[in-house]
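> give me a model of this one.
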Amino acid sequence: MSTLTHNSMTNHHAPGLIQQIGETLHVWHERYRTRRELTNWTARDLHDVGLSWTDIAYEADKPFWRA
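Sure, this is the predicted structure:
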């Protein structure tokens, strides 16, 4: 009995797909984390970077999957 797998039956896309899913999850987590962090900034921090509380509320209310 042969233990070799026929090349046409091998899934060559799985490693790339898994990597893409991992990267997407990482981006989503970073968006969630940084948006929550923005809500803790002081008025001075916001002034220093030219943002308002309205800007922060708009950004923080976005779901993590939206850029």
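
> going by C-alpha atoms from here, please, whenever you check contacts or count neighbours.
Noted.

> where does this structure dip in pLDDT?
Across the chain, the ranges flagged by pLDDT under 70 are 1-13.

> if we use 80, what do you get?
For the chain, the stretches with pLDDT under 80 are 1-15.

> closest to the centroid, which residue in the protein?
Val27 (1.6 Å; CA atoms, centre = their mean).

> distance of that residue from Asn40?
Note on Val27: its distance to Asn40, by CA to CA, to the nearest Å, is 21 Å.

> likewise for Leu17?
Between Leu17 and Asn40 the computed distance is 36 Å (CA to CA).

> tell me the SS of the residue nearest to the centre of the chain?
Secondary structure, DSSP: H, G, I helix; E, B strand; the rest coil: Val27 is helix.

> gap between it and Leu17?
Applying CA to CA to Val27 and Leu17 gives a distance of 15 Å.

> which SSE is Asp55 in?
For Asp55, the element it lies in under DSSP states H and E is helix 53-60.

> typed the wrong thing, it's Arg66
Applying DSSP H and E, one finds Arg66 in no helix or strand.

> phi, psi of it?
Main-chain dihedrals, Arg66, degrees, to the nearest 10: phi -90, psi 130.

> just the element for Gly22, please.
helix 14-38.

> check which element follows that helix along the chain.
Downstream of helix 14-38 (by DSSP H and E), the next one is helix 43-49.

> show me how far that following helix is from its chain's centre.
How far helix 43-49 lies from its chain's middle: 25 Å, per CA atoms, centre = their mean, to the nearest Å.

> next, the buried residues of that helix.
For helix 43-49, the neighbour count (16 or more other CA atoms under 10 Å) marks no residue as buried.

> and if you look at stretch 58-66?
Glu59, Ala60, Phe64.

> residue contacts, the closest residue to the second one other than its chain neighbours?
Distance criterion CA to CA, 6 or more residues apart in numbering; nearest residue to Ala60, sequence neighbours excluded, is Arg35 at 5.0 Å. Arg35 sits next to Ile56, Glu59, Ala60 when contact means CA atoms under 8 Å, 6 or more residues apart in numbering.

> no further queries at this time; thank you.
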